[in-house]
Every structure is written in structure tokens, then in C-alpha cells.
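A.B. asks: Just a sequence and a predicted model for now, questions to come.
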Amino acid sequence: MKIQDSISNEFDAFSKNYTNDMIGVVPYYLELMSCFTKSLPNSFNPKTILDVGCGNGNVTASLLKSFPNAEYTLLDASQEMLNLCAKRFKNSAVSCVKSYFQEFTFKANTYNLIVAGFSLHHCNSEDKKSIFKKIYKALKKEGVFMCSDLMISKNNPAHSSLVEKWHTFVLNTFPDGEKWQWLMDHYTEFDKPDNLDEQLRWLKSAGFSSIETTIHEKYWAHFKAIKN
Ligand SMILES: C[S@@+](CC[C@H](N)C(=O)[O-])C[C@H]1O[C@@H](n2cnc3c(N)ncnc32)[C@H](O)[C@@H]1O
């Protein structure tokens, strides 16, 4: 499998067998997906939800079980992923928007909940900082921002041992090594993860004051940040 020439084309191709591939190549994928519903405040009942980098819609699908009547905006650069979402959610209040995050207008004071599952690691540090600020402004008062992702910078001294463990994990599901080769080509070209502690600082400087984390093996992480 070869990587494509842009993130949108890459995920158009990845969309074919997306969920099974993610379970096989991302440690803790299902655990970190479940955080989007598990870690919400009990009385929370969002009316407007933005899914940043929706992919084939796995985060939205789990939220729909708890919030079937909310209005969802699904944002992604990949048309194939959005086509899957349009089909999957044809009976729900879901609008799909094809745009890069960097070009999307995050309307101020609009959403009760904003989620990002394994999508922001495709943005560099400056873009993440800027998107956190836009997300803060786009949330209504007491709105919640939740994100699951790999959170370690490629410059972190622990990065090479993370990659070693990751290799063992992927070979367990895909023993011939071809998937790992593709994954590492993809990771080199398209993935720009940042350390969790840095991202927590950026969240605070964006305005978030109440932040909680769930962490698996140090770097596979989820955070929930509330706009008070
Ligand atoms: C790994 S998938 C995650 C999908 C889903 N949220 C999940 O948790 O399974 C990342 C998605 O983000 C989208 N994406 C990545 N960078 C993007 C950007 N800068 N603008 C818009 N979409 C982007 C990709 O097209 C892809 O569908």
C-alpha cells in the first residue's frame, strides 16, 4: 500500500476498511473512542455538536446513542469519509462540511460540544494552538471540548521506544509487515503529534480552566476541557 499525495486523498483511500484498520494499527483505539461518551458530565445534554475530523463517523455514532436529537456538524477534508457519514447518518440531523480545519470558520458561541478523535495530530503545533483558541470561542458557555489522540512529540526522548512498542502491537494484527511499512510512511508524511503537557498548556492559554485526562501507556490520551 502506498501513501497518497495529500491528507484528503490519503483518507479517501484509507476510508475503505477504516474501522478495522484503526483497531489494528492504533493501540487503545476503542478505549479512547469510549471516552467520548464515558467522561461526559451526567446532566450534560448538548444540542449542537461539532465533530472535527469525523472520518467515517465513529465518534458521532457513539454520541448519537446518547444524544439522538442533537444537531451535528461533521467536518473533514476527505470527500469519501464524508460520503460514508452521509449514508451512515441519513436519518439524523447531521450536516457534513468538506474543509480543511485551517480554513473552516468556527462560528463563535455556537456549539455545546466539540469532539476531535485522532484528527488533530495531523496539524502542526501552531495550527493546534490556533484551533484550540477557535474551539474555545466556538463553544457556548459550559461547552465541552474532548479529544483522543496520540500525544507525544517526535522530538520527545521517549519517542523511539513508543514506536518500538507500537511496531509490536501492529505486527500482532498484521504479521507480514506491509501494514507497518505503510503506517510508518503515513506517520512520517502526515502525522505531527505533540506532547500532552504542551497541549494542556495551549488549552489553558486558549481559556480552558477545567481539564481532565485519561491516559493509556503515557501517550495514547484523551482530554476533556470545559469552558466555564
Ligand atoms: C484518523 S482519522 C479520525 C477519524 C475519526 N474521528 C475517528 O476517531 O476514527 C482523521 C480524519 O481527519 C481528517 N483530517 C486530518 N487532517 C485534516 C485537516 N487538516 N482538515 C480536515 N480534515 C482533516 C482526515 O481526512 C481523516 O478523516
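C.D. replies: Cool, got the structure.

A.B. asks: near the ligand, which residues of this protein show up?
C.D. replies: Within reach of the ligand by Cβ under 6 Å from any ligand atom, the chain has these residues: 7-8, 11, 22, 53-55, 58-59, 76-78, 81, 100-101, 117-119, 122-123. Where C-beta positions appear, they are placed from N, C-alpha and C, glycine not excepted.

A.B. asks: Which among those count as buried?
C.D. replies: Neighbour counting by 16 or more other Cβ atoms under 10 Å classes 7-8, 11, 22, 53-55, 58-59, 76-78, 81, 101, 117-119, 122-123 among the residues of the chain next to the ligand as buried.

A.B. asks: Can you show me the CA trace of the lowest-mean-pLDDT helix or strand in the chain as CSV?
C.D. replies: Here the helix or strand of the chain ranked lowest by mean pLDDT, DSSP states H and E is helix 7-14, holding a mean of 93. Presented in CSV, the C-alpha positions along helix 7-14 are these (Å, rounded to 0.1, in the frame of the first residue of the first chain):
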residue,chain,number,x,y,z
ILE,A,7,-4.3,14.3,3.5
SER,A,8,-7.7,14.3,1.8
ASN,A,9,-6.6,11.7,-0.9
GLU,A,10,-4.8,9.7,1.8
PHE,A,11,-8.1,9.4,3.8
ASP,A,12,-10.2,8.8,0.7
ALA,A,13,-8.0,5.7,0.3
PHE,A,14,-8.0,4.8,4.0
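
A.B. asks: buried sites along the next helix-or-strand element following it?
C.D. replies: Toward the C-terminal end, the helix or strand that comes next after helix 7-14 (DSSP states H and E) is helix 18-25. Buried residues in helix 18-25, counting neighbours by 16+ other Cβ under 10 Å, are found at 18, 21, 22, 24, 25.

A.B. asks: Find the nearest non-adjacent residue to the first one, please.
C.D. replies: Taking Cβ to Cβ, 6 or more residues apart in numbering, and ignoring the residues beside it in sequence, residue 18 has residue 56 as its nearest neighbour in space, at 4.7 Å.
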